[in-house]
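Engineer: using only what follows, build the 3D model:
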Amino acid sequence: MIQRLIATFFMSFGLSFLMSCWVTFINLGWSDEFFSQWMAAFRLAWPAAAVIAFFMAPLVQNATNYIVRRLPG
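Structural biologist: Numbering: from 1, shown residues only. Just a heads-up that it's a prediction; the model follows:
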């Protein structure tokens, strides 16, 4: 369980950090407000990403195992 929590922490942090940057850039471009808006988006995105990643991880793992078992070779 601790491994799952740590993996969720790092994966959700990285994805929400980079995705919130990307979406903020698409919406605002490089502006004076970019950094503050990016951090505001990140603060909202990270908790949501962490909860989603935690609960989806077993489903993704099972789907991956299913696909890999059926690959030729």
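Engineer: can you map out the helices along this protein?
Structural biologist: Secondary structure of the chain by DSSP state H: the helices cover 2-28, 34-69.
Engineer: ok, residue 66 to residue 57 distance?
Structural biologist: Using C-beta to C-beta, to the nearest Å, residue 66 is found at 15 Å from residue 57. C-beta: built from backbone N, CA, C; applies to glycine.
Engineer: ok, these two, which is more surrounded?
Structural biologist: The neighbour count for residue 66 versus residue 57, taken as other C-beta atoms under 10 Å, is higher for residue 57 (14 against 9).
Engineer: pull up the per-residue confidence for the more buried one.
Structural biologist: pLDDT recorded at residue 57 is 93.
Engineer: look up how far residue 57 lies from the residue lying farthest from the centre of the chain.
Structural biologist: Distance from the centre of the chain peaks at residue 73, with 31.7 Å (C-alpha atoms, centre = their mean). For residue 73, the distance to residue 57 equals 27 Å [C-beta to C-beta].
Engineer: cool, and residue 35?
Structural biologist: Applying C-beta to C-beta to residue 35 and residue 57 gives a distance of 31 Å.
Engineer: quick check: mean pLDDT of stretch 22-35?
Structural biologist: Rounded mean pLDDT across stretch 22-35 is 96.
Engineer: make that stretch 2-9, sorry
Structural biologist: 92.
Engineer: okay, buried residues for it please.
Structural biologist: Under the neighbour-count criterion of 16 or more other C-beta atoms under 10 Å, stretch 2-9 has residue 8 buried.
Engineer: with stretch 41-57 instead?
Structural biologist: Applying 16+ other C-beta under 10 Å to stretch 41-57 flags 41-42, 45-46, 49-50, 53-54 as buried.
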